[in-house]
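A.B. asks: Pasting the sequence and the predicted model now:
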Amino acid sequence: MNSPIKSVCQKSPDGGGRTSPVGRVGLAWLSLTVLVCSSPALAQSQQSLDGVSTASARSDTQRAGASFPQPLPKEQLPGSVSGTVVAPTGALLGGVQVRLTREDQSPAQESLSSDDGQFSFVNIAPGPFRLTVAAEGFATQVYSGILQPGEACSVPPITLSVTAPVTQVSVVVSRVEVAEEEIKEEEKQRALGFIPNFYVSYVPDALPLTTKQKFELAWKSSVDPVNFAIIGAFAGVQQAQNDFRGYGQGAQGYGKRYGAGFADSTIGAFVGGAALPSLLKQDPRYFYKGTGSIRSRILYALANAVICKSDKGRWQANYSGILGSLASGGFSNLYYPAKDRGAGLVFENASVGIGASAAVNLVQEFVVRKFTPNLPKRNPATP
C-alpha cells in the first residue's frame, strides 16, 4: 500500500502541472487571505474615485448654471395692461390709438385697438402708469393706474365721448365792400348839415375807389339838390356882372348861364373826377391832414391842387385834375358865346379850376371840418 502523504505529493503519472486535491485547498485559503488583506486598500481607492466623480458633477452643475439667467426678485416681475375702448353707445371701437406712459420717463408705448376694441401692453415694469386714448371725432380720455409686480392688469372699459363739431367761420370783407362803406360815410359829410362835401376823406388810410364807385360819386355830387342851388347862385352873380355878354339878359340869359355852369360842373366831375382817375389809377378825393403846424397844413392844401394819391397810395402829379380842367375848358367852346371861345377860354378855365381847387382845399383843411357833422372817427372796416 502507498502512504497517504506520498500520494499527496506524488505527481501525476503524465508528469503535468496539475495539483492534487490537497494542493487546491491550500491555494483557496491563500487566495482568501490575500483578498481580506487587500480590502481596505480597495475601499480607499473607491472613496477616491467617488470624490472625483462628485467634484466633477459639482463643476458641471456650476457651468450649467452660468448659462441661464437668475430669476428676478418678486417685486421686479413685469406685468401686462389690457383693456377695451367703447363708444358712448357701447359699440366697440377699433383703430383707436392708445398710448402708455410711465412716471420714470421710460419710452412711451403705443398700440391700436383691434376690431373688437381690445388693446394690450406686455412686459411692463411694475409701478404707476397712464393710458391716453385718442381718436378723431372723440374727446381724448386719460386713465391712470398702478401695476403690481407680475400682475395682468385689466383696466375698466374706456368710453370715448363724441366731441361737439367745431365750425370756424371766417368773414372776409372785400376791399370793394370796405370802400363802399367809406363812400357811404362820405355821403353823410355835409358842411353846415346840408352842403355836400363828398370829395373829402377824413380817413387817412381810406381804400382806393373802383371805377364804378368813382362814377357813382361823380353822379351823386352832380345831381345833389344843393349843387343845383349853388350853380343857380353863381349864374345869378354872372348875370348881375354881365359876364359872357353874348348870353344876354333876362330869363334866357340866366338860363344860358345856368346851363353853362351846370355843364362845367358835370363835365368836370365826370371827366376830372371819374373817367381820367379811372384811366390813370388816381384818387380824386382830398385827404384831410389835420395835424402838424399851420404852415405845413397850408402847403399841403395848396400842393393838393396839383398832386394827388394814386390808387396804390403813392403821391403823384394830379394829371386827372389838370387834364380834367383842360377838357372842361375844351367842351366850353361848344356852348359859350362865340367871342368868348378859343384857347384862351380853355386855359382860363384850367387855371381857374386849379386855383379854385387850392382855395377849396384851404377851406377844407381849416374851416369845413368844424362845420361838418357825422364825421367818421375811424376806418369803418376796422374794429
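C.D. replies: On my side now, so go ahead. Because the structure is a prediction, the values reported are computed rather than measured.
A.B. asks: all contacts plus neighbour counts: C-alpha atoms, from now on.
C.D. replies: OK.
A.B. asks: Distance check, residue 145 against residue 190.
C.D. replies: Applying C-alpha to C-alpha, to the nearest Å, the value for residue 145 to residue 190 is 75 Å.
A.B. asks: go on, residue 227?
C.D. replies: 12 Å.
A.B. asks: Quick check: neighbours shared by the two?
C.D. replies: residue 196 (C-alpha atoms under 8 Å, 6 or more residues apart in numbering).
A.B. asks: quick one on the thing from earlier: neighbour count winner among residue 145 and residue 190?
C.D. replies: Set side by side, residue 145 and residue 190 show more neighbours around residue 190, with 19 against 13, by other C-alpha atoms under 10 Å.
A.B. asks: can I assume that one is in contact with residue 373?
C.D. replies: Yes: between residue 190 and residue 373 a contact is recorded at 7.0 Å, counting by C-alpha atoms under 8 Å.
A.B. asks: so how far does stretch 112-128 reach from one end to the other?
C.D. replies: 21 Å.
A.B. asks: ok, and for that stretch, which residues are buried?
C.D. replies: Of the residues in stretch 112-128, those buried by neighbour count under the rule 16 or more other C-alpha atoms under 10 Å are 112, 113, 114, 117, 118, 119, 120, 121, 124, 125, 126, 127.
A.B. asks: For residue 348, state which of these is nearest.
C.D. replies: Residue 348 has its nearest neighbour among the buried residues of stretch 112-128 in residue 112, at 87.9 Å by C-alpha to C-alpha.
A.B. asks: tell me which residues form a beta bridge with that closest one?
C.D. replies: According to DSSP bridges, residue 97 are recorded as the beta-bridge partners of residue 112.
A.B. asks: and it, what does it touch?
C.D. replies: Taking C-alpha under 8 Å, 6+ apart as the definition of contact, the neighbours of residue 112 are 94, 95, 96, 97, 98, 119.
A.B. asks: Which parts of this protein belong to which domain?
C.D. replies: Under the assignment automatic domain parsing, the domains of the chain span 76-159, 175-371.
A.B. asks: tell me the most buried of these?
C.D. replies: Per residue and on average, the most neighbours among these fall to domain 175-371, with a mean of 18 (mean count of other C-alpha atoms under 10 Å).
A.B. asks: end to end, how far does it reach?
C.D. replies: Its first and final residues considered, domain 175-371 spans 30 Å by C-alpha to C-alpha.
A.B. asks: My guess is residue 210 contacts residue 178. True?
C.D. replies: No: using C-alpha under 8 Å, residue 210 is not in contact with residue 178; the gap is 11.2 Å.
A.B. asks: ok, residue 145 touching residue 128?
C.D. replies: Yes: with contacts defined as C-alpha under 8 Å, residue 145 counts as touching residue 128 at a distance of 5.8 Å.
A.B. asks: Quick one: residues contacting residue 364.
C.D. replies: For residue 364, the contacting residues are residue 288, by C-alpha under 8 Å, 6+ apart.
A.B. asks: Quick check: beta-bridge partners of residue 191?
C.D. replies: Here residue 191 sits in beta bridges with residue 195, as judged by DSSP bridges.
A.B. asks: can you map out the helices along the stretch 101-250 of the chain?
C.D. replies: With DSSP state H, counting those that start in this stretch as the definition, the stretch 101-250 of the chain shows helices at residue ranges 175-187, 211-222, 225-240, 250-267.
A.B. asks: Dump the ones you listed into a markdown table; add distance to residue 290 and mean pLDDT as well.
C.D. replies: Formatted as a markdown table, the entries for those read as follows, by distance: least, C-alpha to C-alpha, whole Å; pLDDT from 0 to 100:
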| stretch | distance to residue 290 | mean pLDDT |
| --- | --- | --- |
| helix 175-187 | 17 | 79 |
| helix 211-222 | 24 | 92 |
| helix 225-240 | 26 | 93 |
| helix 250-267 | 28 | 92 |
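A.B. asks: Redo those helices as TSV? Include distance to residue 292.
C.D. replies: As requested, these are exported to TSV (distance: least, C-alpha to C-alpha, whole Å):
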stretch	distance to residue 292
helix 175-187	24
helix 211-222	30
helix 225-240	32
helix 250-267	33
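A.B. asks: Out of those helices, the one nearest residue 74 is which?
C.D. replies: Set against residue 74 and scored by C-alpha to C-alpha, those come closest in helix 175-187, at 74.5 Å.
A.B. asks: among the helices of the stretch 101-250 of the chain, which is nearest residue 197?
C.D. replies: Taking C-alpha to C-alpha as the criterion, residue 197 comes closest to helix 175-187 out of the helices of the stretch 101-250 of the chain, the separation being 7.3 Å.
A.B. asks: Tell me what angle the closest one forms with helix 211-222.
C.D. replies: With axes from the mean of the first three to the mean of the last three C-alpha atoms, to 10 degrees as the criterion, the two stretches helix 175-187 and helix 211-222 enclose an angle of 10 degrees.
A.B. asks: for the stretch 251-383 of the chain, which spans come out with low pLDDT?
C.D. replies: Within the stretch 251-383 of the chain, the ranges that satisfy pLDDT under 70 run 376-383.
A.B. asks: Show me the strands in it, by range?
C.D. replies: Using DSSP state E, counting those that start in this stretch, the strands of the stretch 251-383 of the chain run over residues 286-287, 307-309, 315-317.
A.B. asks: could the ones you listed be laid out in CSV, adding distance to residue 223?
C.D. replies: Listed next are the strands of the stretch 251-383 of the chain as CSV, based on distance: least, C-alpha to C-alpha, whole Å:
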stretch, distance to residue 223
strand 286-287, 20
strand 307-309, 25
strand 315-317, 28
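A.B. asks: so who does the closest residue to residue 93 other than its chain neighbours touch?
C.D. replies: The shortest distance from residue 93 to any non-neighbouring residue, by C-alpha to C-alpha, 6 or more residues apart in numbering, is to residue 117 (4.8 Å). The neighbours of residue 117, taking C-alpha under 8 Å, 6+ apart as the test, are 84, 85, 86, 92, 93, 94, 95, 96.
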